[in-house]
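In: could you look at this predicted model? Sequence included:
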Amino acid sequence: MKLLLLLVIMGTVSAKVEDLSGKMFTFPKETNTAHVRLTPTKQGYSAVTVCHRSFTDIKRDHALFSLATPSQANSFLIYWHAGRGQIQPHIREGRVEYGGWDYKSNNWHSICTTWDSEKGLVQIWFDGLPSIRKLANTGPISGLIKIILGQDQDTHGGGFDVNQSFAGMITDVHMWDYILSSCEIHNYMIEMNFTPGNVLNWSKLDYEIIGNVLTEKKVEVCH
Ligand SMILES: *[C@@H]1O[C@H](CO)[C@@H](O)[C@H](O)[C@H]1NC(C)=O
Ligand SMILES: *[C@@H]1O[C@H](CO)[C@@H](O)[C@H](O)[C@H]1NC(C)=O
């Protein structure tokens, strides 16, 4: 019975620390289950930068990066609101709306989001271009951190909604507990040398796949 249970667990969950350089996560199906859990090297942040690249053709809302604490499901969420055509960072439940970006389907898009707890200001860099700085929320992000790709956490580690799920590819996820300079963000965007994340490092990622998510060689467009 125990062996059977172990086999069942092994069949759906695989945890490891791996260098994912040149690789991506493929989310091949819209579900309310498939996701990747990322384990950060540090807990508790007074500033954050998160960068990721993604490729999708889904037209509805979807979460690109979901970080929850026990008291705040939207502790650091990067969300595409399709109806309004906005990238919406939610930081400590404070929502900021950024419209006017060319979030084209079937293209890689690099999105970096910075925030500091003292001023509470957020800024995004969409394909290397900066947004204005807006007030999200002040105060540090604390409590047990759960970071998920592929689903939007409406509770701490769960509460998934298929209509907010991600389908497509995600790569180069990095997180820092400080604000990156604009030059570092530029270097991230053009895939040049930059300092990898000290909280999430794509080259040394501690992750666990739950359900139907694949690790594959990154799709490159040959010019
Ligand atoms: C998801 O959206 C579809 C289409 O709008 C709707 O029919 C369905 O009920 C929604 N599912 C959930 C779980 O909200
Ligand atoms: C990120 O991972 C790479 C590969 O293991 C390592 O060389 C580098 O020091 C790491 N960087 C940080 C900031 O942890």
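Out: It's in. Ligands and ions are numbered 1, 2, ... in the order given.

In: lowest average confidence, helix or strand, in this protein?
Out: Every helix and strand of the chain was ranked by mean pLDDT, DSSP states H and E. The lowest is helix 2-12, at a mean of 49.

In: residue boundaries of the helices in the protein?
Out: For the chain, applying DSSP state H gives helices covering 2-12, 182-189.

In: the last one: how far from the chain's middle?
Out: Looking back up the chat, that one is helix 182-189. 17 Å (Cα atoms, centre = their mean, to the nearest Å).

In: in it, what counts as buried?
Out: By 16 or more other Cβ atoms under 10 Å, the buried positions in helix 182-189 come out as Glu184, Ile185, Asn187, Tyr188, Met189. C-beta here means a position set from N, CA and C on the backbone, and glycine is covered the same way.

In: packing partners of it?
Out: Applying 3 or more Cβ pairs under 8 Å, 6 or more residues apart in numbering; DSSP states H and E, one finds that helix 182-189 contacts strand 47-55, strand 109-116, strand 121-126.

In: would the longest one count as contacting ligand 2?
Out: Looking back up the chat, that one is strand 47-55. No. Counting by Cβ under 6 Å from any ligand atom, ligand 2 has no neighbours in strand 47-55; the shortest distance is 12.4 Å.

In: which strands or helices does that strand pack on?
Out: strand 62-68, strand 76-81, strand 109-116, strand 168-176, helix 182-189.

In: how about residues contacting the first one?
Out: Translated: strand 62-68. When contacts are defined by Cβ atoms under 8 Å, 6 or more residues apart in numbering, strand 62-68 is touched by residues 50, 52, 54, 56, 74-80, 82, 111, 141, 145-153, 155-157, 164-167, 170, 173.

In: starting from it, tell me which strands it pairs with and how they run.
Out: Strand 62-68 pairs in its sheet with strand 76-81 (antiparallel), strand 146-149 (antiparallel), by DSSP bridges.

In: the third one too?
Out: Taking DSSP bridges as the criterion, strand 109-116 forms sheet pairs with strand 47-55 (antiparallel), strand 121-126 (antiparallel).

In: dump that strand to CSV, keeping only the CA atoms.
Out: Output of strand 109-116 as CSV, limited to C-alpha atoms (Å, rounded to 0.1, in the frame of the first residue of the first chain):
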residue,chain,number,x,y,z
HIS,A,109,7.6,38.8,-24.0
SER,A,110,10.1,39.7,-21.2
ILE,A,111,8.5,41.3,-18.2
CYS,A,112,10.4,42.6,-15.2
THR,A,113,8.6,44.0,-12.1
THR,A,114,10.3,46.0,-9.4
TRP,A,115,9.0,47.2,-6.0
ASP,A,116,10.2,48.4,-2.7
